[in-house]
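The sequence and its predicted three-dimensional model are supplied below.
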Amino acid sequence: QVQVAESGGGFVKAGGSLRLSCVASGSRFTIIKTTWYRQAPGKQREEVAGIQSNGGTNVLASVQGRFAISRDDAKNAVDLQMNSLKPEDAGVYYCRAFGVSQATSRTFDVWGQGTRVTVSS
C-alpha cells in the first residue's frame, strides 16, 4: 500500500520562505502525478501545484513566481519551495499522489495528513 507524508510546515513571517516535502512510501509503485493542495480555514481546498512523471508542472496563478515544485525520484519525494510568503498563503498543505502499483497493476490515489503553514503579517 502506498502512502505519502508531508513535512516542512511551520510558522514564518510574511516575506519568508518554507520548503515542504512529500515523500511516498510503499513497495513497487510508479507515481504518475503528485499534487500539492492547500486549505485555509473556512475555505475550500485548492490545488497549488502539480508535477507529472514526464516532468510537466502546473502552478496556481496566485503563487506563480513565488512557489516552485520539484521532484527527487531517488527519494520518492516532491518538494514545494515557497518564497515571498503572504498571510493568504497560510493553511494546511496536503500532498496527493496518483500512480500505479506494480504489484497489483491497480491505480492508487492517496492523500497525506497535511502540514500546517502559518504566515504572520
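Good, I have the coordinates.

Quick check: residue 10 touching residue 117?
Yes: look at residue 10 against residue 117 with C-beta atoms under 8 Å: they come within range, at 7.1 Å. Heads up, the C-betas are built off the backbone N, CA and C, glycines and all.

Name the residues contacting each of the two.
Common contact partners of residue 10 and residue 117 (C-beta atoms under 8 Å, 6 or more residues apart in numbering): residue 18.

who's more crowded, the two?
residue 117 (22 against 13; other C-beta atoms under 10 Å).

What sits closest to the more buried one if chain neighbours are left out?
The shortest distance from residue 117 to any non-neighbouring residue, by C-beta to C-beta, 6 or more residues apart in numbering, is to residue 9 (4.9 Å).

repeat for residue 53
Nearest one to residue 53, counting by C-beta to C-beta, 6+ apart, is residue 32 at 5.3 Å.

Can you report how many residues lie near that neighbour?
Neighbour count for residue 32, taken as other C-beta under 10 Å: 15.

distance of it from residue 96?
Note on residue 32: its distance to residue 96, by C-beta to C-beta, to the nearest Å, is 11 Å.

same question, residue 72
17 Å.

With residue 106 instead?
For residue 106, the distance to residue 96 - C-beta to C-beta - is 17 Å.

and the two? which has more neighbours close in?
The neighbour count for residue 106 versus residue 96, taken as other C-beta under 10 Å, is higher for residue 96 (18 against 8).

any idea whether the more buried one is helix, strand or coil?
Assigned with DSSP: H, G, I helix; E, B strand; the rest coil, residue 96 falls in the strand class.

How far does stretch 69-86 sit from its chain's centre?
Counting by C-alpha atoms, centre = their mean, to the nearest Å, stretch 69-86 is centred 7 Å from the centre of its parent chain.

One more: stretch 76-92?
In terms of C-alpha atoms, centre = their mean, the centre of stretch 76-92 is set 8 Å apart from its chain centre.

Just the C-alpha atoms of it, please, in CSV.
Output of stretch 76-92 as CSV, limited to C-alpha atoms (Å, rounded to 0.1, in the frame of the first residue of the first chain):
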residue,chain,number,x,y,z
ASN,A,76,10.4,9.4,-4.0
ALA,A,77,9.9,13.0,-2.9
VAL,A,78,8.2,16.0,-4.3
ASP,A,79,9.1,19.4,-2.8
LEU,A,80,7.2,22.7,-2.8
GLN,A,81,9.5,25.7,-2.4
MET,A,82,7.5,28.6,-1.2
ASN,A,83,9.1,32.1,-1.3
SER,A,84,7.8,35.6,-0.5
LEU,A,85,5.0,34.1,1.6
LYS,A,86,1.9,36.1,2.3
PRO,A,87,-0.7,35.8,5.0
GLU,A,88,-3.1,34.5,2.4
ASP,A,89,-0.8,31.5,1.8
ALA,A,90,-1.5,30.2,5.2
GLY,A,91,-3.4,26.9,5.7
VAL,A,92,-2.9,23.2,5.8
